[in-house]
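In: Just the structure for this:
(one chain, ligands or ions: 1)
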Amino acid sequence: MNYELTLQQAENHQADAHPARHGGRLLQSTSRLSETLASDGFGKSKSADDKTLLKIWIKVRKDSQIPEFDTITECKWSFEGEDNLRKYTERLVELVNENGGIFVEDALKLQERDIFSMVDEKIHPSEAFVIPALRALKKAIVNYFENTKQDERMRKATETIICHCRHVTDADIQESIEKGCKTLEEISMATGAGTGCNSCIGRVTEILSGRKKTALGKFN
Ligand code: FES
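Out: Numbers count the residues shown, from 1 in each chain. Model prediction:
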């Protein structure tokens with residue numbers, strides 16, 4: 001495989017990863033990042049209809065002692081497209097930036113309802129406008145883990161809960177398969193998945209059959 005970038009590709013990549021330095025057309029936040037400071041993580045996401053492209057950059061203060069204290073101190077964003085997406089993204093970035101920043105771990109836990117509750121209640125919020133913002137932020141965080149070689153945290157951040165009763169993730173199930181579980185029963189014994197309300201059995205079976213990708217696979 002040829003990994004060489006064309007000059008244009010290289011410039012685009014640099015502009016994505018280091019918007020301030022390359023003077024990308026942005027930035028819609030109240031951030032005060034230095035013009036020469038590169039971001040620590042970058043993520044982008046498209047709306048469901050493909051009409052809007054959202055990009056998020058984060059600056060992280062790394063804690064040398066306790067990784068869980070890593071803090072996002074600045075978040076910047078830009079987008080092209082729908083105005084509704086702008087509103088929810090603005091709110092998300094406000095949440096991240098207010099009070100001097102947010103722990104990376106807490107940013108990963110932000111959900112749709114955290115954003116809905118702060119936006120004009122007369123307007124019915126649509127998931128289509130919120131999910132891209134959350135997804136772009138999560139990708140920026142995963143990119144930060146990747147850049148700082150925090151492989152275990154990167155894996156955790158890309159996991160999905162499959163069994164809510166027993167809090168079992170797709171990575172837990174994949175791991176049990178790699179350790180030798182070959183049937184649903186064996187996976188249930190090893191992880192606890194499917195031993196409550198049973199509503200996750202279909203998703204567990206999909207992973208077992210290889211039809212569902214897991215966090216242990218490549219994060220897109
Ligand atoms: S969600 Fe898995 S048993 Fe209930």
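In: so what's the closest residue to residue 41 other than its chain neighbours up against?
Out: Closest residue to residue 41 apart from its sequence neighbours, by Cβ to Cβ, 6 or more residues apart in numbering: residue 144 at 3.2 Å. Where C-beta positions appear, they are placed from N, C-alpha and C, glycine not excepted. Contact partners of residue 144, counting by Cβ atoms under 8 Å, 6 or more residues apart in numbering, are 40, 41, 58, 60, 104.
In: go with 6 Å
Out: The contact partners of residue 144, taken as Cβ atoms under 6 Å, 6 or more residues apart in numbering, are 40, 41, 60.
In: For stretch 54-67, measure first residue to last.
Out: 28 Å (Cα to Cα, to the nearest Å).
In: Switch the contacts of residue 144 over to a markdown table; also include neighbour count and distance to residue 91.
Out: Compiled in a markdown table, the contacts of residue 144 are given as follows (neighbours: other Cβ atoms under 10 Å; distance: Cβ to Cβ, whole Å):
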| residue | neighbour count | distance to residue 91 |
| --- | --- | --- |
| 40 | 24 | 22 |
| 41 | 25 | 20 |
| 60 | 23 | 21 |
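In: mind listing which of these are in strands?
Out: 41, 60 (DSSP state E).
In: and which of the contacts of residue 144 is nearest the ligand?
Out: residue 41 (31.4 Å; Cβ to the nearest ligand atom).
In: My guess is that closest one contacts residue 140. True?
Out: Yes - applying Cβ atoms under 6 Å as the test, residue 41 and residue 140 come out as touching, 4.1 Å apart.
In: returning to that earlier point: the residue nearest to residue 41 and residue 153: what is the separation?
Out: 9 Å (Cβ to Cβ, to the nearest Å).
In: mind checking pLDDT for residue 64?
Out: What the model reports as pLDDT for residue 64 is 88.
In: And for it, the neighbour number?
Out: 7 (other Cβ atoms under 10 Å).
In: Repeat that for residue 207.
Out: Neighbours around residue 207, by other Cβ under 10 Å: 21.
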